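S.K.: Build me a structure from this.
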Amino acid sequence: MTGTPETIAVVVVTYNSARFVPDLVASLGPGLAGLDWHLTVADNASSDDTVEVLRREAPWARIVETGRNGGYAAGINAAVAAAAPHDAVLVLNPDVRLAPNCVPELLAVLRRRNAGIAVPRIVRADGGFSPSLRREPTIPRALGDAVLGADRMGRIGSLGEVITDRRWYTREVTVDWAEGSIMLIDRACWDACGPWDESFFLYSEETEYALRARDRGFALVLAPRARARHLEGDSATSPRLWALLTLNRVRLYRRRHRLPAAVVYWALILLREASRAAAGNRCSRHAARALVSVRRLRETPGPASVQPPAATGAVTAGA
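M.R.: A predicted model of the protein is given here:
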């Protein structure tokens, strides 16, 4: 680190998040202990009293009322644009709770490893293990997921996209991308990569950003001693959200690969969803229908095509 204290811009995107704000704000002080930091919140046109609760719980915060629900990436971009000068950006979902000294640990790893992005070890709401690290989406990994399932594939060497081997979460490892509910992004990385891609609206935006950062030479590193709790969203139980998550995976792959490879990837994702739909999975049935809809594949996601999860009260990322 430099001789002068570094400043962290904490940016949060809210959407009907009133019930999550008090505990989030309460966790910031211990989670950023010893650091200079400031909070900027972008509210995506909440219909509840999120803004009023923010003003009561964090009267010192900057609040950007976007006037629309433009999605998670749009909220992040609006908050960063409005934030005071900073050396790094801490992206947070409102349903994340920082453990004490989480961000100092993230910053130490970010600087020691000369990385672009640092992420903590995340636990679920009940304290259970959360497999938040990921490998780049590939055709072999999509095939393995379709045939064996993500959990089993994640334990077989580098074959799985979701890293489920718990040993990975005990050391400072470099990965392709990670769940986007909490990320510490170096200012140099942000300046080199530019803003997050707002066209995804919800899901895959963190994947796109992390891969873009990697392409520009900025690594994403796990800080295993940094801890955070994520209450998590409804993507696995909401048919509409699961369909959007699945579609955005295909859209992202197509942007990074030629058409023949993208068609194979689409077919494997469809195979996975169709097989699970045949077994009675309602979310996969919805996703399979979306995958065979030319209109759904071509449309730009937005609030008209998805209702953000009410259970988290946030436009969340990283499923």
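S.K.: gap between Ile156 and Tyr169?
M.R.: 17 Å (C-beta to C-beta, to the nearest Å). C-beta here means a position set from N, CA and C on the backbone, and glycine is covered the same way.
S.K.: swap that for Ala287, please
M.R.: Taking C-beta to C-beta, one finds Ala287 at 28 Å from Tyr169.
S.K.: Between these two, which has more neighbouring residues?
M.R.: Taking other C-beta atoms under 10 Å, Ala287 and Tyr169 do not tie; Ala287 has more neighbours (28 against 19).
S.K.: so where does that one fall, helix or strand?
M.R.: For Ala287, the host element (DSSP states H and E) is helix 282-291.
S.K.: what distance separates that helix from the centre of its chain?
M.R.: Helix 282-291 sits 22 Å away from the centroid of its parent chain (C-alpha atoms, centre = their mean, to the nearest Å).
S.K.: Which positions in that helix come out as buried?
M.R.: Along helix 282-291, these residues count as buried under the neighbour rule (16 or more other C-beta atoms under 10 Å): Cys283, Ser284, Arg285, His286, Ala287, Ala288, Ala290, Leu291.
S.K.: Please convert those to CSV, extending it with distance to Trp60 and pLDDT.
M.R.: Output for these, formatted as CSV (distance: C-beta to C-beta, whole Å; pLDDT from 0 to 100):
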residue, distance to Trp60, pLDDT
Cys283, 41, 94
Ser284, 45, 94
Arg285, 47, 95
His286, 43, 94
Ala287, 43, 95
Ala288, 48, 95
Ala290, 43, 94
Leu291, 46, 95
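S.K.: ok, so of the residues you listed, who is nearest Gly29?
M.R.: The shortest gap between Gly29 and any of the buried residues of helix 282-291 belongs to Cys283, at 38.0 Å (C-beta to C-beta).
S.K.: can you list the domain ranges for the protein.
M.R.: Domains of the chain are assigned by automatic domain parsing as 7-230, 239-298.
S.K.: deepest of these, which one?
M.R.: Counting by mean count of other C-beta atoms under 10 Å, domain 7-230 has the highest mean neighbour count of the domains of the chain, with a mean of 20.
S.K.: mind checking the end-to-end distance for that domain?
M.R.: Start and end residues of domain 7-230 are separated by 24 Å (C-alpha to C-alpha, to the nearest Å).
S.K.: so for it, what's the average pLDDT?
M.R.: Over the span of domain 7-230, the pLDDT mean works out to 95.
S.K.: again, but for stretch 259-271
M.R.: The model assigns stretch 259-271 a mean pLDDT of 96.
S.K.: Now find how far off-centre stretch 32-47 is within its chain.
M.R.: 16 Å.
S.K.: quick one, strands of this protein?
M.R.: Secondary structure of the chain by DSSP state E: the strands cover 7-14, 36-43, 62-65, 88-92, 96-98, 117-123, 133-134, 174-175, 177-178, 182-186, 220-230.
S.K.: so who does Met127 touch?
M.R.: Quick fix: residue 127 is Gly, not Met. Applying C-beta atoms under 8 Å, 6 or more residues apart in numbering to Gly127 gives the contacts Arg229.
S.K.: How much space separates it from Ala99?
M.R.: Separation of Gly127 from Ala99 (C-beta to C-beta) stands at 11 Å.
S.K.: same deal with Val80?
M.R.: According to C-beta to C-beta, Val80 and Ala99 sit 24 Å apart.
S.K.: How about the contacts made by the spatially closest residue to Val103 that is not a sequence neighbour?
M.R.: With sequence-adjacent residues excluded and distances taken as C-beta to C-beta, 6 or more residues apart in numbering, Val103 is closest to Leu32, at 4.6 Å. Contacts for Leu32 (C-beta under 8 Å, 6+ apart) come out as Ile8, Val10, Leu90, Leu98, Cys102, Val103, Pro104.
S.K.: Much appreciated, bye for now.
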